[in-house]
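Colleague: 3D, please:
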Amino acid sequence: MPKAKWGSGDEALTAADIDNAQSSTFTPYSGPIPSSGLYRFVVSKMTKGKSEAGNDKLQTIMLLDGTWKSEHKKYNDCPLFDNMPVMKSTAFRTKAFCAAFGISAKEFLTGIIYDEGGRVTKLAGAGEPEGLVVYVNVKYVKASQGYAEKIQLNGTGYLPVDFDPDEAQSGDDTDAGDDDPGEEPPF
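Modeller: Below you'll find the predicted structure:
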């Protein structure tokens, strides 16, 4: 019987790779899913990667900051995943991302530093991405076809860094099962 091989060439997985791998600190979120609206998130991880089609993308994992508004406390650490394609046809998404993190287009193109695994270690002038705060307009998506309910960006989702959160309408306090799309985005 043939032995299983994992990967090929320089990408072949070795026992040393497994032994030296960092343990995961991921804890699945088991709380309620927020309704559509505006929430504050903290960046947990940012990675430069490729889509299945081979296009560049920036993967960002953000956790909802339940301390911003008292009604958000029950959603603390709810994850938001953004797999932003980075190409000419999606420049509008990159523009909103840059505005949310206070970086210019030039900084985005020349000032992002990542390690050999693709993890972004410096987001241009914004610095280390982990821990950065960003305001995002999300929409609630019902569970369907075997996929769990979730939140995702509503349009471009990101609000500019100079956005005034004290004057904004946050997500409402309805149950996660509410299909109401929430308030219109403030932009």
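Colleague: quick one: pLDDT of residue 106?
Modeller: pLDDT recorded at residue 106 is 95.
Colleague: ditto for residue 14
Modeller: 83.
Colleague: can we start the residue count at 23 from this point?
Modeller: Taking 23 as the first residue, the last one we looked at is residue 36.
Colleague: residue 161: neighbour count?
Modeller: Residue 161 has 17 neighbouring residues, counting by other Cβ atoms under 10 Å. From N, CA and C alone the C-beta is placed, and that goes for glycine too.
Colleague: let me know the average pLDDT across whichever strand or helix holds it.
Modeller: Assigned by DSSP states H and E, residue 161 belongs to strand 155-163. Strand 155-163 comes out with an average pLDDT of 97.
Colleague: elements contacting it?
Modeller: strand 59-72, helix 113-123, strand 172-180 (3 or more Cβ pairs under 8 Å, 6 or more residues apart in numbering; DSSP states H and E).
Colleague: want to throw the ones you listed into TSV with mean neighbour count, distance to residue 39 and mean pLDDT?
Modeller: Listed next are those as TSV, based on neighbours: other Cβ atoms under 10 Å; distance: least, Cβ to Cβ, whole Å; pLDDT from 0 to 100:
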stretch	mean neighbour count	distance to residue 39	mean pLDDT
strand 59-72	19	18	96
helix 113-123	18	32	96
strand 172-180	19	31	95
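Colleague: how about these in TSV, adding distance to residue 138?
Modeller: Formatted as TSV, the helices and strands packed on strand 155-163 follow (distance: least, Cβ to Cβ, whole Å):
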stretch	distance to residue 138
strand 59-72	11
helix 113-123	23
strand 172-180	28
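Colleague: ok, which of those comes nearest residue 93?
Modeller: Smallest distance to residue 93 across the helices and strands packed on strand 155-163 (Cβ to Cβ): 9.9 Å, for strand 59-72.
Colleague: could you point out which element follows that closest one?
Modeller: strand 78-86.
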